[in-house]
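**Student:** Have a look at this fold, sequence not included:
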């Protein structure tokens, strides 16, 4: 339900010099439709960490709330992913500064049930870990198992989802085995309280912020895709029903999507990431807010 930005709406703005080889390598991992299909599931995964969930649920940053401004929230999130993986170091510096401005007031109040702070590197590690899991999942679902070299490279590069903010590179588990240990330990700690659960079901799963016509037309598909992309642990936490038949249908849809994607030029597979990256640079050149 994110409204992508058309190329014609953004003038060409030259990027600061960057390592084109590294960016080209990362481009292969960024599949726009994967983010659009699996984005809601990834939000649920992130917010299933109690401090992250309460931080979003209680956020006082009105302009960044998904339940109030879903398209704007979608734009800023996809822009962040594009900057992290496709942007230059200057792009990352600019977007970090803009994001920090919003994050400064995202911290728990004295009466909050859970202590949180948006600048906490360990919470950013969790968010980055969820994004990495989401990217890897749609790669496998679309294209099949990844070879070891690709698995390792995708994992190393995914640290950028955290290091684009305050997470230090040393916090990212050293290899995939260490990450698996971190992930499995973290899964035992996830918990969704009643308020966050209602928010996730009403707003994210059932498209609460959108007009009724969109909810009726796209709600069932969004629920199916969201539940399909979620690991069982998260489905159980929200009480989302699934079955072997639905799993088969989900996998067929993913494989069919993958067969279409491999026949498309890369610029179409990347859409809308590069459009959002150009828009971010345009907004900066015009002195507009980036988030």
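**Tutor:** That came through, no problem. Please read these numbers as outputs of a predicted model, since none were measured by experiment.

**Student:** just checking, next helix/strand downstream of the helix or strand that residue 178 is a member of?
**Tutor:** Per DSSP states H and E, residue 178 falls inside helix 176-187. Counting by DSSP H and E, the element after helix 176-187 in chain order, helix or strand, is helix 194-199.

**Student:** re earlier: any idea of the mean pLDDT for the helix holding residue 178?
**Tutor:** Here helix 176-187 scores 97 as its mean pLDDT.

**Student:** dump the residue contacts of residue 221.
**Tutor:** Counting by C-beta atoms under 8 Å, 6 or more residues apart in numbering, residue 221 touches no other residue. C-beta coordinates here come from the backbone N, C-alpha and C atoms, glycine included.

**Student:** quick one: buried residues of the helix or strand hosting it?
**Tutor:** Using DSSP H and E, residue 221 falls within helix 212-229. Neighbour-count burial for helix 212-229 flags 215, 219, 222-223, 225-229 (criterion: 16 or more other C-beta atoms under 10 Å).

**Student:** now these in a markdown table, with distance to residue 181 and pLDDT?
**Tutor:** Conversion of the buried residues of helix 212-229 to a markdown table gives the following (distance: C-beta to C-beta, whole Å; pLDDT from 0 to 100):
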| residue | distance to residue 181 | pLDDT |
| --- | --- | --- |
| 215 | 40 | 95 |
| 219 | 37 | 96 |
| 222 | 33 | 97 |
| 223 | 32 | 98 |
| 225 | 29 | 98 |
| 226 | 27 | 98 |
| 227 | 27 | 98 |
| 228 | 26 | 98 |
| 229 | 23 | 98 |
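
**Student:** Report how many residues lie close to the closest residue to residue 31 other than its chain neighbours.
**Tutor:** Residue nearest to residue 31 in three dimensions, not counting chain neighbours: residue 269, with 5.4 Å by C-beta to C-beta, 6 or more residues apart in numbering. Residues lying near residue 269 (other C-beta atoms under 10 Å) number 20.

**Student:** now swap in residue 133 and tell me
**Tutor:** For residue 133, the number of neighbouring residues by other C-beta under 10 Å comes to 18.

**Student:** try residue 189
**Tutor:** Residue 189 has 10 neighbours, counted by other C-beta under 10 Å.

**Student:** ok, now which ones touch it?
**Tutor:** Neighbouring residues of residue 189 by C-beta under 8 Å, 6+ apart: residue 49.

**Student:** Quickly note the distance from it to residue 122.
**Tutor:** Relative to residue 122, residue 189 is positioned 12 Å away (C-beta to C-beta, to the nearest Å).

**Student:** contact partners of stretch 173-185?
**Tutor:** Applying C-beta under 8 Å, 6+ apart, the set of residues contacting stretch 173-185 is 129, 132-133, 151-152, 155.

**Student:** Show the buried residues in the residues you listed.
**Tutor:** Buried among the contacts of stretch 173-185 (16+ other C-beta under 10 Å): 129, 132-133, 155.

**Student:** Out of these, which is nearest to residue 278?
**Tutor:** Nearest to residue 278 among the buried ones among the contacts of stretch 173-185: residue 132, at 24.8 Å, using C-beta to C-beta.
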